[in-house]
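**Student:** return a 3D structure for these sequence lines:
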Amino acid sequence: MLTRLKVSGFKNLVDVDVRFGPFTCVAGANGTGKSNLFDAIQFLSKLADNTLLNAALSIRSEGGRTADLRHLFHRVGARFADQMTFEAEMIIPPTGIDDLGQRAEASITFLRYRLVLGYKADGELPTPGGLEILHEELMHINVGDATKHLCFPHKAAWRRSVVKGRRIGEFISTQEKEGKRIVKLHQEGTSGRPREYLAATLPRTVLSSANAIESPTTLLARREMQSWRLLQLEPSALREPDDFTAPPRLGVNGAHMPATLNYLARLSHNGAPPAEATSPVLDELAARLSELVEHVRRIRVDRDEHRQLLTLELTDRSGTPLPARSLSDGTLRFLALAVLALDPREEGLICLEEPENGIHPERIPVMLRLLEDIAVDVESGVGEDNPLRQVIINTHSPA
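**Tutor:** Just a heads-up that it's a prediction; the model follows:
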């Protein structure tokens, strides 16, 4: 859960300091930096899993000039800033698995990550320059200080369920050594010397290379940042049927909704195919959608055994079946979010741009209630029925 983000020198963001709750709406006019704030979150997420170059190339830039990394830096006139700074405060999962299947347990779950990147000119490249790590650090936030850092209403029981542990010292630090910047990855639970890396030659962040053996808390910070997603629900992906072998997890573009819903329906029946009209998941989904579209009677996933296809199908009050391809864009987006809300596997941060698109103005409160229901309930402790999910939306709409 991202509770605070400070950004400076990235695109049009200068000295930006934003605190987030479980559900946060960022509203404003065009060009004020709403999408760039999401880009900053996505950039940090990509940096937790990719090289500096690949993470930078994955972020949209003005005029489509993604190959010129200079355009990630703040510009005034013809001059670009020479560095950009990110600082994120986050609540991380208490346990997790590293890339080799090793289990990790966090020594503390409330952390602050700071990263400073500089522009490195390279005259030999056809497109000028690259990125260089100038500073990287990962520090704990004391459990006793959590109340003043969590600037949204919440119950103490919820806070105690997510903020745990005790840590003295750093997880990642940067210092000058013989005129060179050295990034250190400190080992947990041992008195061993930290691993040292020359910052100028690092192709990726130190955080992105953490494992469960040496640095479990750093690994879980990485896992948290990897879970920060920008949903860009595309009607074409939402309308597509799925093969029987499709992954049963909703994609960031809305793909695999039939496979995901089929999985959830089976899960509610202990893995067995649900009867035609007795799935509580499908019933709940239909009830939710009926708040937006009044003529919904039933939702089902049609299994075509001959073509090995799963197709989402809505039945209206007259008994007419309507496949996903005949539903409106707004209905499909709402349906995808409702499926996500029902999936207990979904955790982490979800960013969504302009969720009111395709929704009738009178139905916007219905969309807002759905988005708030996706987010964790801070009135009770986190658990299987209350996963640690966070929603941040941006909008032009005053409503």
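
**Student:** residues contacting the residue nearest the centre of the chain?
**Tutor:** Centroid-nearest residue in the chain: W228, 1.8 Å away (criterion: Cα atoms, centre = their mean). Residues counted as contacts of W228 (Cβ atoms under 8 Å, 6 or more residues apart in numbering) are 2, 41-42, 44-45, 348-349, 351. Quick note: C-beta positions are derived from backbone N, CA and C, even for glycine.

**Student:** what about the nearest residue to L115 once chain neighbours are set aside, distance to L5?
**Tutor:** Spatial nearest neighbour of L115, chain neighbours left out: F86 (4.9 Å); criterion: Cβ to Cβ, 6 or more residues apart in numbering. Computed as Cβ to Cβ, to the nearest Å, the F86 to L5 distance reads 7 Å.

**Student:** which residues are in contact with each of these two?
**Tutor:** The overlap between the contact sets of F86 and L5 (Cβ under 8 Å, 6+ apart) consists of A40.

**Student:** strands along the stretch 1-150 of the chain, start to end?
**Tutor:** 2-8, 16-19, 23-27, 75-76, 79-80, 83-91, 95-97, 103-105, 110-120, 130-140 (DSSP state E, counting those that start in this stretch).

**Student:** contacts for the fifth one, please.
**Tutor:** The list of residues contacting strand 79-80 from outside it, by Cβ under 8 Å, 6+ apart, reads 70-71, 73-74, 119.

**Student:** quick check: mean pLDDT of it?
**Tutor:** If you average the pLDDT over strand 79-80, you get 90.

**Student:** quick revisit: and which of the contacts of strand 79-80 is nearest L264?
**Tutor:** Taking Cβ to Cβ as the measure, L264 lies nearest H71 of the contacts of strand 79-80, at 41.4 Å.

**Student:** three-state assignment of M225?
**Tutor:** Here M225 takes the helix state, with states given by DSSP: H, G, I helix; E, B strand; the rest coil.

**Student:** tally of neighbours for it?
**Tutor:** Using other Cβ atoms under 10 Å, the number of residues around M225 comes to 25.

**Student:** do the one 10 residues further on as well
**Tutor:** Close neighbours of P235, defined as other Cβ under 10 Å, add up to 19.

**Student:** do the one 3 residues further on as well
**Tutor:** Residue neighbour count, defined by other Cβ under 10 Å, stands at 25 for L238.

**Student:** part of a helix, is it?
**Tutor:** Yes. Going by three-state DSSP, the assignment for L238 places it inside a helix.

**Student:** with just CA atoms, put whichever strand or helix holds R288 into PDB.
**Tutor:** R288 is located in helix 280-290, with elements delineated by DSSP states H and E. Extracted C-alpha coordinates of helix 280-290, given in PDB (Å, rounded to 0.1, in the frame of the first residue of the first chain):
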ATOM      1  CA  PRO A 280     -22.900 -17.200  -5.400                       C
ATOM      2  CA  VAL A 281     -20.100 -15.400  -7.300                       C
ATOM      3  CA  LEU A 282     -22.200 -15.100 -10.500                       C
ATOM      4  CA  ASP A 283     -25.300 -14.000  -8.400                       C
ATOM      5  CA  GLU A 284     -23.300 -11.400  -6.600                       C
ATOM      6  CA  LEU A 285     -21.900 -10.100  -9.900                       C
ATOM      7  CA  ALA A 286     -25.300  -9.900 -11.400                       C
ATOM      8  CA  ALA A 287     -26.600  -8.000  -8.400                       C
ATOM      9  CA  ARG A 288     -23.800  -5.500  -8.600                       C
ATOM     10  CA  LEU A 289     -24.200  -5.000 -12.300                       C
ATOM     11  CA  SER A 290     -27.900  -4.400 -11.900                       C
END
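
**Student:** now the element after that helix, going C-ward?
**Tutor:** Sequence-wise, the next helix or strand downstream of helix 280-290 (DSSP H and E) is strand 296-304.

**Student:** buried sites along that next one?
**Tutor:** 296, 298-301 (16 or more other Cβ atoms under 10 Å).

**Student:** pull the most distant pair out of those.
**Tutor:** By the measure Cβ to Cβ, V296 and V301 form the most distant pair in the buried residues of strand 296-304, at 15.1 Å.

**Student:** re the thing from before, hmm, who's touching the helix holding R288?
**Tutor:** With Cβ under 8 Å, 6+ apart as the test, helix 280-290 has contacts from 261, 264-265, 267-268, 274, 296-301, 314, 331, 334-335, 338-339, 341-342, 370.

**Student:** buried subset of the residues you listed?
**Tutor:** With neighbours counted by 16+ other Cβ under 10 Å, the contacts of helix 280-290 contain buried members at 261, 264-265, 267-268, 274, 296, 298-301, 314, 331, 334-335, 338-339, 341-342, 370.

**Student:** if we can go back for a sec, which of the strands of the stretch 1-150 of the chain sits closest to L52?
**Tutor:** Scanning the strands of the stretch 1-150 of the chain with Cβ to Cβ as the criterion, the closest one proves to be strand 130-140, at 4.3 Å.

**Student:** residues contacting that closest one, please?
**Tutor:** If you take Cβ under 8 Å, 6+ apart as the criterion, strand 130-140 is touched by 52-53, 56, 69, 83, 107-108, 110-120, 122, 165, 167, 170-174, 181, 183, 199-200, 202, 205-207, 217-218, 221.

**Student:** partner strands of that strand, parallel or antiparallel?
**Tutor:** Strand partners for strand 130-140, identified by DSSP bridges, are recorded as strand 110-120 (antiparallel), strand 170-177 (antiparallel).
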